[in-house]
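In: A predicted structure for the sequence below; I have some questions about it.
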Amino acid sequence: MEWVLVEVFRYIKMRRKKAAMELTMGTMVTIVLLVMVLILGGYFVNQIFFSARGSVDQIDTAVKNEINKLFAEDETQKVVFYPSSRRIELEKGVVGQGFAFAIRNTGTEADTFTYNLEAQETDCPNSLSATAADGYLALGRTGTIQIPAGNIMENPRLVTFNIPDTAPPCTIKYILTMQKGGQLYGSTLDFDVAIKSG
């Protein structure tokens, strides 16, 4: 009878160790899964909101939504930029990165809008000229858009830059000029591009 009790206690003790081991393994698996979810969640949040901090390389739904939100915040705005800070940082050697903008026709009739973007000034060493800085513009330097009365242009415009590896680290101020029916529309707007070393 005594040996039966010893075996029962041994069995109970072994079951407790096994249960403790199972609890430990379960806890470790849970921790590993939670860490993976946090890392992946952070990655996706970063990808979703990246364009809010930096440059844009395409017009997607997120960019369109942000532009619409900026127009909704101020009914009188004629033009909005994305990113809204109107400043982007680009590393030397970057190709196809830039910003987006959209125009609202505040008039009572459909009209044709034209825009032109050009460098105004730089703080670059070795006197990088505005003409040379204009050469960094790759896409969207000029354009013509038809916009119905009281509407926002359907597809925002993307302006991209190709920054050569030889570009000096500096800031270039670009000016966006818009015309409606041949007349200046609103005021000229500036946008800064800061070139950083890679």
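Out: Structure received. Numbers count the residues shown, from 1 in each chain.
In: If we go by neighbour counts, what in the helix or strand where residue 119 lies is buried?
Out: Assigned by DSSP states H and E, residue 119 belongs to strand 111-122. Judged by neighbour count (16 or more other Cβ atoms under 10 Å), strand 111-122 contains these buried residues: 111, 113, 115, 117, 119, 122. C-beta here means a position set from N, CA and C on the backbone, and glycine is covered the same way.
In: can you put these in a markdown table and add distance to residue 156?
Out: Shown next, in a markdown table, are the buried residues of strand 111-122 (distance: Cβ to Cβ, whole Å):
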| residue | distance to residue 156 |
| --- | --- |
| 111 | 18 |
| 113 | 13 |
| 115 | 12 |
| 117 | 14 |
| 119 | 22 |
| 122 | 26 |
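In: for those residues, which one is nearest residue 89?
Out: residue 122 (15.0 Å; Cβ to Cβ).
In: show me where this protein has strands.
Out: Ranges of strands within the chain are 79-82, 87-91, 95-103, 111-122, 137-139, 142-147, 157-162, 170-180, 183-184, 189-196, based on DSSP state E.
In: and residue 31, which of the ones you listed is closest to it?
Out: strand 87-91 (37.1 Å).
In: what are the C-alpha coordinates of that closest one, in CSV please?
Out: What follows is strand 87-91, C-alpha atoms only, in CSV (Å, rounded to 0.1, in the frame of the first residue of the first chain):
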residue,chain,number,x,y,z
ARG,A,87,9.4,70.5,-47.6
ILE,A,88,10.9,67.2,-48.5
GLU,A,89,14.3,65.7,-47.9
LEU,A,90,15.9,63.7,-50.7
GLU,A,91,19.2,61.8,-50.6
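In: that older thread, so which of the buried residues of strand 111-122 sits lowest on pLDDT?
Out: The member of those with the lowest pLDDT is residue 122, and it reads 87.
In: isn't that residue right up against residue 167?
Out: No. With contacts counted by Cβ atoms under 8 Å, residue 122 stays clear of residue 167, the gap being 10.4 Å.
In: Can you check which residues contact both of those two?
Out: The overlap between the contact sets of residue 122 and residue 167 (Cβ atoms under 8 Å, 6 or more residues apart in numbering) consists of residue 128.
In: quick one, what contacts residue 126?
Out: residue 168.
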